[in-house]
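Student: Have a look; sequence and predicted model below, questions after that.
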Amino acid sequence: MLVLAFYILTFAVGFPANIFTFVTLLGKACRRVSASDILLLNLTAADLLLLLFLPFKMVEAAAGRTWPLPIVLCPVANFCFYSSIYLSSLFLTALSVERYLGVVFPLHYKDRKRPGRAMAASVVLWLLASSHCSIVFVAQYHGSKNQSVDTSYKCYDDFSEGQLKFVLPLRLELFVVLFLLPFAVTIFCYTNFVRVLLSRPNIPLQKKQRAVGLAVATMVNFGVCFAPYNISHVVGFVEKKSPPWRFYALTLTSLNAALDPIIFYFSSMAVQRAMAGVVVALQNKFRVVVGWCSSEVSTTESDGSFT
């Protein structure tokens, strides 16, 4: 039940936050689109894809880690869920590269900064993640046991020995290609991005703080959300079986959809302005409510003084 509560909390926080961010970025892009906007929109779309299929994980958690739904939905739900995880890591890396090039090589990158390049890169990243995660369809039937609809079936976990021989090496490839390399590139880019910004005296302090916040939020995202699950791939390959804690590591990956809005806040002035507008509106409503309550109390006290 703890896993189910975690999924529900992630959905409750992440879904409205990502919808708000997506609408804000889309409105900004309709006026004037930039490479950063395109990457952020794709990152938001990846998060929404994860959140839309998170209810399947909720049902699975509520059923005690078994799959009570039709078996045909198992590979579909997992394909979308896993693809969204790796899409998030790839687009976080693409954003780090975009920030790095814009700060370290401002003049050289400005001449080549075109939204079309970001769109092409986005298509490549979607194809890269989805093609790798399509192994869930093959693994479902490769050397499989006779799968009947029963209450003990575990989706993408109840593997035969033949399936494990097929799945475990591919999981190791996912670790290297879709996690380790992007993480290394992200560390390199944000380390140099922050170093260069902090060394320039003409950069406003607020911008430097945003840069540090962006780098820290991204590193936390990789370290907390993506690292445990991907490390389970390595452990599984070494031990020749899925580690028993893999299910809980997978649970942490969904937290990424709730943490990404923090990155959106540090990355986009449009999101910051929209968020500031929401805060001001809430403050005004709070003042109205407080003022109304105060007037009601004063009226009640005055009425009592006359009786």
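Tutor: Perfect, I can see it now. Numbers count the residues shown, from 1 in each chain.
Student: what about the helices in the stretch 101-250 of the chain?
Tutor: Under the criterion DSSP state H, counting those that start in this stretch, the stretch 101-250 of the chain contains helices at 106-110, 115-133, 135-141, 161-174, 181-199, 205-220, 227-239, 246-253.
Student: how about CSV for those helices, with distance to Gly14 and mean pLDDT added?
Tutor: (Each C-beta comes from the backbone N, C-alpha and C, glycine too.) What follows is the helices of the stretch 101-250 of the chain, written out as CSV (distance: least, Cβ to Cβ, whole Å; pLDDT from 0 to 100):
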stretch, distance to Gly14, mean pLDDT
helix 106-110, 32, 70
helix 115-133, 19, 93
helix 135-141, 23, 78
helix 161-174, 23, 88
helix 181-199, 21, 93
helix 205-220, 14, 85
helix 227-239, 17, 94
helix 246-253, 12, 91
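Student: right, so of these, which gets closest to Asp37?
Tutor: Smallest distance to Asp37 across those (Cβ to Cβ): 7.8 Å, for helix 115-133.
Student: Which residues does that closest one contact?
Tutor: Contacts of helix 115-133 with the rest of the structure, by Cβ atoms under 8 Å, 6 or more residues apart in numbering, involve 33-39, 42, 79, 82-83, 86-87, 90-91, 94, 98, 170, 173-174, 177-178.
Student: just stretch 219-235 next, same as before
Tutor: Contacts to stretch 219-235, defined as Cβ under 8 Å, 6+ apart, come from residues 85, 88-89, 92, 168, 171-172, 174-175, 179-180, 183, 186-187, 190, 242-243, 245-246, 249-250, 252-256, 259-260, 263.
Student: PyMOL command for the buried members of those residues?
Tutor: Selecting the buried subset of these in PyMOL, with 16 or more other Cβ atoms under 10 Å as the burial test, is done by:
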select buried, resi 85+88+89+92+168+171+172+174+175+179+183+186+187+190+242+243+246+249+250+252+253+254+255+256+259+260+263
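Student: before we move on, the earlier item: which among the helices of the stretch 101-250 of the chain is found nearest to Thr10?
Tutor: Thr10 lies closest, by Cβ to Cβ, to one member of the helices of the stretch 101-250 of the chain: helix 246-253, at 8.9 Å.
Student: Extract the C-alpha trace of that closest one and format it as CSV.
Tutor: C-alpha atoms of helix 246-253 as CSV (Å, rounded to 0.1, in the frame of the first residue of the first chain):
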residue,chain,number,x,y,z
ARG,A,246,13.9,-3.7,-8.6
PHE,A,247,10.2,-3.1,-8.1
TYR,A,248,10.8,-0.4,-5.5
ALA,A,249,13.6,1.2,-7.7
LEU,A,250,11.1,1.4,-10.5
THR,A,251,8.6,3.1,-8.2
LEU,A,252,11.2,5.9,-7.7
THR,A,253,11.3,6.7,-11.4
